[in-house]
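> fold the following for me, if possible:
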Amino acid sequence: MEDSKSYIKLLEDYGRKSGREVFSEIKKYKRQRGMGMYGEPEAWYFSMRESSHSNIFLACYYGSNLEVGKYRTYSGVFFPVDVPLNTQLLLSQSDVLDKFSGVFSKRTKTGFKNFDKKTLLKTNDTSLARKLFSKSAVQLEILKSYKDLTGLLIGVNEINIRFIPELEGKSNISAFIRYDWVTEGKDIERLFKLGYLLHDQLSRIVVP
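Sure, this is the predicted structure:
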């Protein structure tokens, strides 16, 4: 991600102007020679803490091209939740191809028809998913967010955040995008708003 430094500057400026705590770091680490890959890959971290919801964070991560994994680059809001670490949930926007594939027929349903038609849910805890998405306000905000944040994903324990102490080693709820960082104020605020709703909904189910 060639613009990492400028992205961090934009996020730092916005975070301070909006009264939030910010943290950023660039790490270089050496990789041993092997299989033609060596050098000093970089990892870029950025986090922004929401002042009014002290355990909700905007987290951005970029790993070098030598790093493996489907979430080498991502940004979104994360907060801890008191569910088992093996709990898995991933919600995405459904598309036409999903509906003609076996994936859509095997999806988990929340029981809310309009929401189920527009989303694709995979989870090993159907009860938690149905409670999490039971509020119409949560459903509507997710569907609205799909229009502004391409590729938005809602997850439980989908990403293990190691660079924020309050999240490390804990289960988390996330609303995030892959492959890029959010840097525009309106997108940051939409993610935080979605984070507030998910957090408040979860607080009625489990105590973080």
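
> what helix or strand is E25 on?
Secondary structure assignment for E25, by DSSP states H and E: strand 21-28.

> tell me what that strand is packed against?
Judged by 3 or more Cβ pairs under 8 Å, 6 or more residues apart in numbering; DSSP states H and E, strand 21-28 is in contact with helix 4-17, strand 42-49. Yep, even glycine has a C-beta here, placed from its N, CA and C like the rest.

> following the chain past the worst-scoring helix or strand of the chain on mean pLDDT, name the next helix or strand.
Ranked by mean pLDDT, DSSP states H and E, the weakest helix or strand in the chain is helix 102-105, scoring a mean of 58. Counting by DSSP H and E, the next helix or strand C-terminal to helix 102-105 is helix 113-118.

> now that next one: buried residues?
Using 16 or more other Cβ atoms under 10 Å as the burial criterion, the residues of helix 113-118 that qualify are F115, D116.

> swap in stretch 77-89?
V77, F78, F79, P80, V81, V83, L89.

> one step back: just the helices and strands packed on strand 21-28: most buried one?
When neighbours are counted by mean count of other Cβ atoms under 10 Å, the highest per-stretch mean among those falls to strand 42-49, a mean of 20.

> next, the angle strand 21-28 makes with that strand.
Inter-element angle recorded for strand 42-49 and strand 21-28: 170 degrees (by axes from the mean of the first three to the mean of the last three Cα atoms, to 10 degrees).

> name the element the residue nearest the centre of the chain belongs to?
Geometric centre of the chain, nearest residue: F176, 2.8 Å, by Cα atoms, centre = their mean. Taking DSSP H and E as the definition, one finds F176 inside strand 172-178.

> show me how far the strand holding E25 is from its chain's centre.
Its chain's C-alpha centre and that of strand 21-28 lie 18 Å apart, by Cα atoms, centre = their mean, to the nearest Å.

> which residues does it contact?
4, 8, 11-12, 15-16, 40-49, 51, 163 (Cβ atoms under 8 Å, 6 or more residues apart in numbering).
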